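[1] fold the following, please.
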Amino acid sequence: MQHTHITADRSGLTLPIMPILVLLFATPAAAQEFGVYTKVFNLSGRDTKATPTVIVRSLTLFRSGNAYDTIHSGGEVTIFEPGRRRFVIVNGPRRLTTEVSFDEIETQLKKAEGATREYIAELNRKDDTLSRASAAPLLGQLDPGFSEQFDPGSATLTLPGRSFRYHVKCTSPPDTLNIDRLAFNAARGRYLEYTDWTARLNYLLHPRALFPTPRVALNRTLKTRKLLPLTVELKDNSTGGFHLRAEHQYHWQLTGKDRDDIRHWESLRTATTLRKVKFDEYRRRLVSRR
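    Here you go, the predicted structure:
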């Protein structure tokens, strides 16, 4: 919790089952192509013996510096273009396409954060139990206050914070000649950069999404420790709050179908049958049809 911290949708998570780490071949160029299959589960309010419900399935393909993300049965592809500092979104069923720059995302997030801090201050001025209870989780999104606990034996990272708690099972490149460490590190860096920006985009696209700050803080720790997340659990500390788990399967080679899909998406984004709209209009249409 990958759109990998989910709304607690994929925005806070942007998350992935214990993956089969398919061999990464002995050249850093191999890191140019890989895929991440993600399933997000709702763990809230369930019997611990019951099978959790899958709420999101997605596939993210990395090729030639870009990433292509699709939600299972969604009919929409989000193309991450870090070299051009933008996202391009192609929605086939609605015959729409849009793009949004990283600068625009940051500007809109800054405005949203400012408005939210003003609202928190207003709630705190009221100084009653209900207002304080409403302000606390909002502050937790903006200033998560995470501490850090890492168990090297199980490669488990825990980040308890004022409103949310992350519990992450991780992997680092094994000491084996079959896996090239430089290629692994390059892929890890690209994936974490992608999830940073996806968390920011998701906040703008999904009304119930969390602010990206908690996920970006998690990614900062993963980058520092040179770790890649396998499973990411995000739990709301409040009574009856959400509890989500994302499980990632990494595949270090794209299939022929993967490459065909990427060619199709690249062709579709310039199709004359699609109407290009501004990002704000696309977002309004998306929200109004939910």
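
[2] what's Leu59 sitting at in phi/psi?
    phi -130, psi 130 (degrees, to the nearest 10).

[3] my read: it touches Lys39, true?
    No: using CB atoms under 8 Å, Leu59 is not in contact with Lys39, being 10.5 Å away. Glycine gets a C-beta too; all of them are placed from N, C-alpha and C.

[4] just the helices in the stretch 1-150 of the chain please.
    102-126, 129-142 (DSSP state H, counting those that start in this stretch).

[5] with the stretch 151-290 of the chain instead?
    Going by DSSP H, counting those that start in this stretch, the stretch 151-290 of the chain shows helices at 181-205, 213-225, 256-268, 279-288.

[6] so what secondary structure elements neighbour the first one?
    The criterion is 3 or more CB pairs under 8 Å, 6 or more residues apart in numbering; DSSP states H and E, and the helices and strands that helix 181-205 contacts are strand 53-63, strand 66-71, strand 76-81, helix 102-126, helix 213-225, strand 228-236, helix 279-288.

[7] so which bits of it are buried?
    By neighbour count with 16 or more other CB atoms under 10 Å, helix 181-205 contains the buried residues 183-188, 190-192, 194-205.

[8] equivalent analysis for the second one, please.
    Judged by neighbour count (16+ other CB under 10 Å), helix 213-225 contains these buried residues: 213-219, 221-222.

[9] also the third one?
    Of the residues in helix 256-268, those buried by neighbour count under the rule 16+ other CB under 10 Å are 258, 261-262, 265.

[10] with adjacent residues omitted, what lies nearest to Asp258?
    Once flanking residues are discounted, Asp258 sits nearest to Leu61: 5.3 Å by CB to CB, 6 or more residues apart in numbering.

[11] what does Ser163 give?
    Ser163 sits nearest to Gly140 (CB to CB, 6+ apart), 2.3 Å away.

[12] ok, Val287 next?
    Nearest to Val287 is Pro207, by CB to CB, 6+ apart, at 6.2 Å.

[13] same check on Arg94?
    Per CB to CB, 6+ apart, closest to Arg94 is Arg285, 7.2 Å.

[14] cool, Ser147 as well?
    Closest to Ser147 by CB to CB, 6+ apart is Pro160, at 5.8 Å.

[15] same check, this time on His72
    According to CB to CB, 6+ apart, the nearest residue to His72 is Arg57 (3.6 Å).

[16] what about the residue nearest to Ser147, neighbour count?
    16 (other CB atoms under 10 Å).

[17] could you do Phe242 as well?
    Other residues close to Phe242 by other CB under 10 Å number 20.

[18] go ahead and confirm it touches Ser44.
    Yes: if you go by CB under 8 Å, Phe242 and Ser44 touch, sitting 5.3 Å apart.

[19] re earlier: of the buried residues of helix 213-225, closest to Ala112?
    Thr213 (11.2 Å; CB to CB).

[20] give me the pLDDT for that closest one.
    Listed pLDDT for Thr213 reads 96.

[21] surely it is in contact with Leu139?
    No: using CB under 8 Å, Thr213 makes no contact with Leu139, being 10.6 Å away.

[22] and the contacts of stretch 216-223?
    144, 146, 148, 157, 159, 166, 168, 170, 189, 192, 195-196, 199-200, 228-229, 232 (CB atoms under 8 Å, 6 or more residues apart in numbering).

[23] ok, now with 7 Å
    For stretch 216-223, the external contacting residues (CB atoms under 7 Å, 6 or more residues apart in numbering) are 144, 146, 148, 157, 159, 166, 168, 192, 195-196, 199, 229.

[24] thank you, goodbye.
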